[in-house]
Every structure is written in C-alpha cells, then in structure tokens.
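[1] let's see this in three dimensions:
(chains A and B)
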Amino acid sequence: MSEMWINMGPQHPMTHGLWNLRVRIDGEVVLDVDPEMGYLHRGIEKISEDRHYNEVVTLMDRTCYVAGLAWEHLYILASEQALHITPPERAQYIRMTCEEFQRIGSHIMWYAAFVNDIGLMTPFLYGMRDRDLVLDLFQSFTGARMTYEYMRVGGVRNDLPPTFTDQARKVLDWLTDRFREYDQLCLGSSIFHKRCDHLGVLKANDCIAHGVTGPMLRSAGVKRDLRKDRPYARYDAVDFDVAVADGADVTARYLVRMEEMRQSIRILRQTVDWLEHHPGPVMAEHLPRWLGAPYAPVGREGYLLKRNYAKGVGFSAVEEPHGEAQAYVVNEGTEHPYRVKFRSPIFANLSAARQYLVGYRVADIPPIMGSVDPCIGEVDR
Amino acid sequence: MSQATLYSVSYDLSNTIASALGSVLPSGARDLITSSGVVTGFAVVIFAVIILAATMLNTILLIWWERKLLGRFMDRRGAMHVGFAGLLQNFADGFKLFRKDTVKPREADPLGFYFGPTAYMITSLAIFGILPISSGWDTGALPLTLLLALAIFAFAPLFIFVSAWSSNNKYSLMGGMRSAAQMIAYEVPLLLAVVSVVIVAGSFDLNTIVYEQQNYWFWGPLILALIVFVAAMLAEMERIPFDLPEAEAELVEGWNTEYGGMFFAFFMFTDYLRALVGSVLVVLLFFGGWTLPSWVPSVATSWPLAGIFWFMVKTYIVFGVFVWIRASLPRVRTDQLLRVGWNRMIPLGLVSVFVAALLVVAKCVWPFGCLPTP
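    Below you'll find the model as predicted:
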C-alpha cells in the first residue's frame, strides 16, 4: 500500500462535527494533514448586523452547542461595553455561575467523546449521564437544555429559582465523586497511557506561534487563563487556581481539563454561596426602552429608524471551555450592532493540526483530535 | 432407553416421521420412505437443522446477553421494550436488516463483495457442526475435532480481506489489512495455548479433553495457557480491546464499512458466532465442558439435558467476562497489538507448553490432583 490521501470527514466518527481532515498516509503512518473547515458556516456575524442587540443572543447559543452560555457571556460583555451599560453585581455572579457550569458541561461532553474515541464505551455513558445533571440545572432557570437565550444586555433574563442553590450544591457534590471515578477509569488503565502518552505533542513555543489557547496551551505548561490574567465579570473576587500540566501531550490535556472541572467546582461553591446571601436586581436600571423588556423581544416598530444613542465599541475576551474567545462589537448608535466579529479559539487550535498530527499513526488521530475538543459550530460560525 | 444423544434424537424423529408418512402412502412409496437409507439421510438433515437452529438461537441470545450486561455495566438497562426484558429485540433488529436493501458501491467487485460475508458466515457456522456440547451431543466420528475447528476458525481473515478489498473503499481496505495482520499474528499464541491443553489431555478430540478434566479443570495448572488463549481469542473475535479492524473512531466501521442490510447482518451475526465459538472453546478446554466438579451433589446433574444446561451456563459466564473486558478497557493500537502478540503472547505460550509437559510428566500435582488416564 503506497501513499494515499484519505478524507476523514465531513461525515466521519472522528470529526465530532462537520469538517474534513484530509490525511496523507503511508500504511498507518500520517505523512501530512490538511484540515478543511467551513462546512458549517451560517454567517452568524453577518446576521448579527441585522438584529437587535438582545436578538443576537439567540445566535450565540448556536455557535457552540456545548458551550452556549459561555458564548452568550462573551457577546453580552462586548455589547455592554459598546452600549455603555453596567450590569448589577448579582447578574454578574449569575453569569459566572452559568459559565462555570457550562465549562463543566462542556468538559464532561469532551470527556465522553474523547474516551469513546479511544474505545472506552462505559465512561462515555457515565459522562452523558452526569452532564444531564448540569443540563437539568440550566433547565431550572433558563427553561432550555441546549439553546438557553438567557443573558441579556444589562443583566440576565430572570433570576434564579429559590431551589437553585440546593440543587446546585447537590450536583457539585455528586460531580466531585464522579470525577474521581472518571480518573480511575482512564488514568488507572495502562492501555489508556499507552494510547495517550507522548501523543500529539505541541510544545509551548508552537502553541504560541499558532495562536493555540485554552487547555491545549495550558497543557504545554503556559499558565495563561483569561479569568486570572484579564478578569471579567467578578472573577477577580473568587478564589481558584489555573490548571497547568507539563506533558503537552494528550494525557496532559486530559489532566488539565479534569483539573479545570475541579477548579470550576471550587468557583461554583463560592458563587453559589454569594448568590444565596445577596438577593437583588438582575437587570440594569435605566436601559433604553428598546432594550428594556427582558422576556419579549422588542417589537419591530421603529426598526429602521436611525436614532442617536451614544456610539461606542466593545471588546471582550472570555476563557471559553475550549480556549480564548474574543468578541468585537461596534455600536453606531442604532438598535442593532453595526459590526460583530468573533475570534474562535478552536479555529486556531485546529489550524495547527499539521504540527501535532504528522508523524503519528492513523489510529492516533482520534485521540489527538479528541484532545483538541473541536466544536465546529464555533469554528465556522 | 439409554441417554438421549443428538444422533438418537434425530434418528428417532426421522423414523417417526418416515413411518407416519409411510402409513398413508401406497406400499411402493412406503418401502422407499421407510428404507434405512432414506431414514438415515433424513436423520442427517434433522441433525443439521437442529444444530443450525440451536446455533442461531444461541447467537441471538448471546447478543441479548451482551446488550443487557453491557447496559448494566454502563448504568443503563439495555434493550427493554420488545419481548420480556428485550429478549425479542434482536429478532426485530435482524428482520429490519433483512428487509433493507444492500447497496453495492458501483466500483466494488460483485463476486468478492457478496462472496466474502457469505463464506465468512458459512465457515463459522460449520464449526458448530463439530463442537460437542454434552456427552453424546456431537457428531462423534472425528478424532481431531479441535484441530478441525481451529482450522475452520482460521479461514476468517481470508474472507474478511476478500470482502474488504472488493468493497473498493480505503477504510475497508485498511480495516481488512489490520484484521488479516492481527488474526494471523494471534493464530500462533492461540495454537500454543491449545497445544498445552492437548499435551495434558493427550488428544485432539474435544470429548477426550473434557473427559480428562474429571479430576481437575485445566484452568488451574494451565492458567498461563488460559490467559494466552483468552487474549488471543479476544484478538480473533475482534472485540475491545483488540477491535481495531473495526475501530469506529478512525476507520468508520472498518472492513464492513460498505455493507448494509442483509450482508451487514451476516457480518454482525458472524462476529457473535465467533464469539460463541471462542466462549465454547474456553469452556471445553479449560472449564471442564459440560461436567461439574465431583463435590457438586448429583441432583444438579442427574436430570436429562443437565450437561447441556451447565455447558450453556458456563459459556454465558465466559462470554460475560468478555463483555466485562469490553466495558472497561480502551482499544490498543495496531503496532502495540502486534508487539504484544509477538513479544509477550508467544513466549508466554511457549512457557505454558513447557508447564503442560511438566504436568504430564508429574501425573499428579498438588493441590489439583491426578490426571485420569495412566
């Protein structure tokens, strides 16, 4: 069997989404790879220019289907800066709670998909089982399990239900135990180490050169986390550590993500305590009328009218579960943003595929790509 | 009447049917139908049908057993809705697959594409024609049943490779390559483990091998051979952790990527058929076949078909262990698999052959006991 190109995608179990990894192989050895993205482009940035600020939140849930609330948070932060609005503190804590629970949900989803890639079937179902608890929690205050449409410019749509704190603590206790079990199932298996150690190595220099961020960067030993380095919301008020590992390989990424989930639990215990003792408004006061109604989207009256509100630009950067997401919103004084631009962390992580795939074997591609945790909705937007 | 055997059952059945038919026919036809040649021929057909039906039923039950057990390992319940506790789910799935169209890729070679899965299934089914399942419940005429069973068992990579290559798909081809490499590599340790049993039992006849285990089952002293055999069997059956020929993460579905409908059902069915062969061989070679240890009260074995019952119980327990392994281990890589095969399994197999030779020389070994034949 001489060299040949094979298409891993757009429909392939390895891809976890709609993209194509072209691989040139010689027998089982990978000689070259060529990631092709763009199959899932929906023009979210362009559509945003035609919508009210709060209507764009709907699209944010569709960027990354496992981290919708983190992307809502990202967009809302940039919009608020552009519109010169400060949300109340309780809303900020609720948003942090959402983002951290979303991080846990996203990482559990990653865990389930990743272990399935290396042939472990049982943890896959354990992961899906435990992620359901997080989704139940989201359902209790957003009403949805996947596309939440919860955050609003100036705050959040509604306050948490009174049962939330108890339910959240129960979930956190349960997850703390389960993470121990996850580790036993993976790190306790020598076959797992055989499949994952020294695989897909991407050193710190290469990570920085290719703009790779998030758990991949931290697994290379770089202590970079936007929640610490450029705190947004109230991350400056909570106590947590940045998860770092040294290996720069698949195992290191596993360790970083597991540790991140533990740190998220630590953050959540603090925010849930805070929320229990600090009732208050969850929407900013004195919002423009067209932003005011938290539930119903504003009517279409005056949609095309140019009004003169204060202009501004907003930039936000959020440590999304997959890496550093950034948003740029330009407010030209109308009811909809003039321009919205996002930076997708996974786009950069996937673009560096040649750096961490070439030289390994075909059977190594699923664990390596699994450790990148691709979420294609966010890559193509 | 002496104890019922497979022969006697099918012969009696054939005789009954022939005389019943003959009683309503004119005398010329009656003589023809009740002649010994026709009755024997008919008995052989009944014999084959019984084996085929029992094999298929057991294979489908085995799939159910795996689904339920795997479900429990994964904190879910498995198939629940069709039949009692999902017992009929696999029949429903099978009928669905048989009703579906088989789509052949335009560039695929029709001969190999259709011949591969068919031959794969037929050869695997043929193994059950020679495996004994209880005393008297076998063909009984062959002194080399074990050798023949393993020889037929070893056909599989050929047919897998034929169907993989003729599918004209890169994933199928890679899966076929892996499958052939893996099965051939693990054939050697498999045979070494079998050879150790054969040395101790002094025969290739499975009946004799079971008879030789009346004082102690071979798994105790031949634990090394058991480990090698089970590992090699896992590779031969292509189950996790050695299921890389159909590693769905990278190879989509491996060598059966292009198959759908009935031919896919053939492949899936045959995979479980081979798993059944593997479990049966483990029971026959290492766990005393249909016999129970002498300290078990005779009430457990005195009723009719008790041998078959205990044989099935053991087979399903052994398969349960395979399912357990599947539920808890990740998949290894091809090069790692081959390295383990050549570097670990073959030396271990050789050691177990040596142990077997010592066992024969020593005759009696504490704490197991003595071999029955002098």
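
[2] could you use CA atoms for every contact and neighbour count after this?
    Noted.

[3] how about the residues of chain A near chain B?
    A:6, A:8, A:12-14, A:115-123, A:125-126, A:185, A:189, A:191-192, A:194-195, A:362-366 (C-alpha under 8 Å from any C-alpha of the partner chain).

[4] at 6 Å instead, please
    A:P13, A:M14, A:D117, A:I118, A:G119, A:L120, A:T122, A:P366 (C-alpha under 6 Å from any C-alpha of the partner chain).

[5] buried set for stretch B:25-32?
    Across stretch B:25-32, burial judged by 16 or more other C-alpha atoms under 10 Å in any protein chain shown covers B:R30.

[6] do the same with stretch A:137-147
    By 16+ other C-alpha under 10 Å, the buried positions in stretch A:137-147 come out as A:L137, A:F138, A:S140, A:F141, A:T142, A:M146, A:T147.

[7] low-confidence stretches in the stretch 201-350 of chain B?
    Across the stretch 201-350 of chain B, the ranges flagged by pLDDT under 70 are B:247-250.

[8] now do the helices in it.
    For the stretch 201-350 of chain B, the helices defined by DSSP state H, counting those that start in this stretch cover B:206-211, B:223-237, B:248-251, B:261-286, B:306-328, B:334-339, B:346-362.

[9] got a markdown table for those helices, with mean neighbour count and distance to B:T16 too?
    A markdown table is the format used below for the helices of the stretch 201-350 of chain B (neighbours: other C-alpha atoms under 10 Å in any protein chain shown; distance: least, C-alpha to C-alpha, whole Å):
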| stretch | mean neighbour count | distance to B:T16 |
| --- | --- | --- |
| helix B:206-211 | 22 | 29 |
| helix B:223-237 | 24 | 41 |
| helix B:248-251 | 24 | 52 |
| helix B:261-286 | 22 | 32 |
| helix B:306-328 | 19 | 24 |
| helix B:334-339 | 16 | 54 |
| helix B:346-362 | 18 | 48 |
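
[10] in JSON lines, list those helices along with distance to A:Y356.
    Listed next are these as JSON lines, based on distance: least, C-alpha to C-alpha, whole Å:
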{"stretch": "helix B:206-211", "distance to A:Y356": "52"}
{"stretch": "helix B:223-237", "distance to A:Y356": "30"}
{"stretch": "helix B:248-251", "distance to A:Y356": "17"}
{"stretch": "helix B:261-286", "distance to A:Y356": "36"}
{"stretch": "helix B:306-328", "distance to A:Y356": "28"}
{"stretch": "helix B:334-339", "distance to A:Y356": "20"}
{"stretch": "helix B:346-362", "distance to A:Y356": "35"}
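
[11] A:H336: which of those helices is closest?
    Ranking the helices of the stretch 201-350 of chain B by proximity to A:H336 (C-alpha to C-alpha) places helix B:248-251 first, at 43.3 Å.

[12] from the residues of chain A next to chain B, which land in helices?
    Residues of the residues of chain A next to chain B located in helices (DSSP state H): A:D117, A:T122, A:P366.

[13] and of those residues, the nearest to B:T118?
    Closest to B:T118, out of all of these and judged by C-alpha to C-alpha, is A:D117, at 30.4 Å.

[14] pLDDT value on that closest one, please?
    Note for A:D117: predicted pLDDT of 85.

[15] save the residues of chain A next to chain B as a markdown table, and put in neighbour count too.
    Below are the residues of chain A next to chain B laid out as a markdown table (neighbours: other C-alpha atoms under 10 Å in any protein chain shown):
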| residue | neighbour count |
| --- | --- |
| A:P13 | 18 |
| A:M14 | 27 |
| A:D117 | 29 |
| A:I118 | 29 |
| A:G119 | 28 |
| A:L120 | 24 |
| A:T122 | 23 |
| A:P366 | 26 |
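
[16] any idea which of those residues is closest to B:A92?
    A:T122 (25.2 Å).

[17] residues contacting that closest one?
    For A:T122, the contact set (C-alpha atoms under 6 Å, 6 or more residues apart in numbering or on different chains) comprises B:M74, B:A327.

[18] and if we set it to 10 Å?
    By C-alpha atoms under 10 Å, 6 or more residues apart in numbering or on different chains, the residues touching A:T122 are A:112, A:115-116, A:185, B:70-75, B:326-330.

[19] contact partners for the closest residue to chain A within the stretch 51-200 of chain B?
    Distances between the stretch 51-200 of chain B and chain A by C-alpha to the nearest C-alpha are smallest at B:M74, namely 5.1 Å. The neighbourhood of B:M74, defined by C-alpha under 10 Å, 6+ apart, consists of A:M121, A:T122, A:P123, A:F124, A:L125, A:Y126, A:R129, B:K68, B:A327, B:S328.

[20] tell me how far the fourth one lies from A:V330.
    When distances are taken as C-alpha to C-alpha, to the nearest Å, A:F124 and A:V330 turn out to be 42 Å apart.

[21] before we move on, what about the last one?
    B:S328 sits 52 Å away from A:V330 when distances are taken as C-alpha to C-alpha.

[22] next, format the helices of the stretch 201-350 of chain B as a markdown table and append distance to chain A.
    As requested, the helices of the stretch 201-350 of chain B are exported to a markdown table (distance: least, C-alpha to the nearest C-alpha, whole Å):
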| stretch | distance to chain A |
| --- | --- |
| helix B:206-211 | 35 |
| helix B:223-237 | 14 |
| helix B:248-251 | 5 |
| helix B:261-286 | 18 |
| helix B:306-328 | 6 |
| helix B:334-339 | 8 |
| helix B:346-362 | 20 |
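
[23] please identify which of these is closest to A:N20.
    Relative to A:N20, the nearest member of those by C-alpha to C-alpha is helix B:248-251, separated by 12.9 Å.

[24] dump the residue contacts of the closest residue to A:D61 other than its chain neighbours.
    Leaving aside its sequence neighbours, A:D61 sits nearest to A:G68 (C-alpha to C-alpha, 6 or more residues apart in numbering or on different chains; 4.2 Å). If a contact means C-alpha under 10 Å, 6+ apart, then A:G68 has A:57-62, A:74, A:98-99, A:102-103, A:106, A:146-150, A:320, A:378 as its contacts.

[25] I'm done for today, thanks for sticking with me.
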